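Model the following, please.
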Amino acid sequence: MQAHALKAAFDSLSKPFKIEPPRSSKLHELYDRDLMLMVEDQGDGRQKEIDFFTIMRDSDPQTLLIQHDWARAFTGAHDYEGAEFRLPYPLTAFEMQTHGARFTVIAHESDHRPVGMIFYKHDEHWVNISGVLELDKPIVADQDFTPANQSLNAILLQIKAVCVALDAEVVETTVERAPLALNKARAKRGKAPLRDFHVVDLSKRYRTAGARTEGSDEEYTRKRLHFRRGHWRHYATHRTWIKWMLVGNPDLGFIDKEYRA
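Down below sits the predicted model:
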C-alpha cells in the first residue's frame with residue numbers, strides 16, 4: 001500500500017504544479033484514518049520523526065486552507081529569496097491541492113526555524129512522503145526526480161508566501177467553524193472531530209488603508225510598494241522577531257511584481 005501511495009504521489013507531483021482551490025479541510029481524516037508512516041531506519045533522522053509525531057499527537061494544529069497561488073505574487077520580488085520567515089501558529093497545517101491530489105504540510109518551529117513533514121492522501125489513507133524538512137531550505141533530489149522535486153519545492157514556496165503575507169498583515173484569515181452537532185456524533189463513534197480551518201484571503205484592511213508607511217511624507221510618495229523582510233534581532237540574552245512589512249505608496253505600483261492572489 002505504501003508503494004502504491006508513493007507512486008501516486010510521485011505521479012501527481014511530476015505534473016506541472018498548480019494550486020486548485022480545495023472545498024474544505026481534510027485534516028480530520030489525517031488524524032482519524034489509517035496513517036502509513038515512513039520512518040528512517042536508524043540515526044538522527046528517525047529520532048526527529050518520532051519526536052515530530054509526538055508533537056503532532058500532543059498539539060492541536062491550526063489549519064490554513066490555501067486556495068490561491070500566493071507564491072506567484074512574490075516571483076522576482078526584491079529581497080525575498082532566502083529570507084527568513086515564521087509560522088503563524090505553534091503547530092500549523094497547510095492544506096493545498098494540485099491535480100485533484102491533496103497534500104498537507106504539518107509544521108512547527110524548532111530552534112526558531114520552521115520544520116515540517118509533507119503528507120499525501122491516497123484513497124482512504126494518508127502517507128508521509130518526506131521526513132522532517134527545514135521548510136526555509138529548498139529540497140535537493142536526484143536528477144531522476146526533478147519534476148516531482150520542483151513541485152515539492154513549489155509547496156514549500158506556497159508555505160513561505162502565506163507566512164510572509166500573514167506576518168506583514170496584508171492578508172487575513174477567515175475561520176470556517178466545524179459543525180458542533182456533527183462533532184458530537186463523531187465523538188460518540190470514536191472518530192476525530194472535524195476541525196475549524198482558516199481560509200487565507202486578501203486583507204480588508206490592506207484594501208482600504210493601503211500599506212504602512214515610514215519616514216517623511218516625501219519618502220512615502222516616491223517609494224513604490226515593497227516588502228521589508230522580517231528577521232531576528234539578537235540581544236545578549238534573547239532574540240526578537242521583527243515582522244515583515246509592506247511599505248511604500250500603493251499608487252506607484254508594486255516593486256518587481258504586481259501583487260495578486
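
Report the central residue of the protein.
In the chain, the residue lying closest to the centroid (Cα atoms, centre = their mean) is residue 159, at 2.8 Å.

Could you find the closest non-adjacent residue to it?
residue 94 (5.2 Å; Cβ to Cβ, 6 or more residues apart in numbering). Bear in mind the C-beta positions are built from the backbone N, C-alpha and C, glycine included.

Show me what secondary structure element comes after the helix or strand harbouring the one you found.
Remark: residue 94 resides in strand 91-98, with elements defined by DSSP states H and E. For strand 91-98, the following helix or strand on the C-terminal side (DSSP H and E) is strand 101-110.

and the first helix or strand past that next one going along the chain, which residues are buried?
Note on strand 101-110: by DSSP H and E, the next helix or strand toward the C-terminus is strand 113-122. For strand 113-122, the neighbour count (16 or more other Cβ atoms under 10 Å) marks 114-122 as buried.

and which of these is nearest to residue 185?
Residue 185 has its nearest neighbour among the buried residues of strand 113-122 in residue 121, at 22.9 Å by Cβ to Cβ.

hang on, the earlier thing: max pairwise distance over the buried residues of strand 113-122: which two?
Going by Cβ to Cβ, the pair spanning the buried residues of strand 113-122 furthest: 114 and 122, at 25.5 Å.

So what's the gap between the helix or strand harbouring the residue nearest to the centre of the chain and the chain middle?
Following DSSP H and E, the helix or strand that holds residue 159 is helix 146-167. Relative to the chain's own centre, helix 146-167 is displaced by 7 Å; criterion: Cα atoms, centre = their mean, to the nearest Å.

try stretch 87-100
Using Cα atoms, centre = their mean, the offset of stretch 87-100 from its chain centre is 4 Å.

CA atoms only: put that stretch into PDB for me.
Backbone C-alpha positions of stretch 87-100 (Å, rounded to 0.1, in the frame of the first residue of the first chain) are rendered in PDB as follows:
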ATOM      1  CA  LEU A  87       4.900  30.200  11.200                       C
ATOM      2  CA  PRO A  88       1.600  31.900  12.100                       C
ATOM      3  CA  TYR A  89       0.800  29.300  14.800                       C
ATOM      4  CA  PRO A  90       2.900  27.000  17.000                       C
ATOM      5  CA  LEU A  91       1.600  24.000  15.100                       C
ATOM      6  CA  THR A  92       0.300  24.800  11.600                       C
ATOM      7  CA  ALA A  93      -1.300  22.600   9.000                       C
ATOM      8  CA  PHE A  94      -1.000  23.900   5.400                       C
ATOM      9  CA  GLU A  95      -3.500  22.200   3.100                       C
ATOM     10  CA  MET A  96      -3.400  22.500  -0.700                       C
ATOM     11  CA  GLN A  97      -4.500  20.700  -3.800                       C
ATOM     12  CA  THR A  98      -2.900  20.100  -7.200                       C
ATOM     13  CA  HIS A  99      -4.300  18.000 -10.000                       C
ATOM     14  CA  GLY A 100      -7.000  16.700  -7.600                       C
END
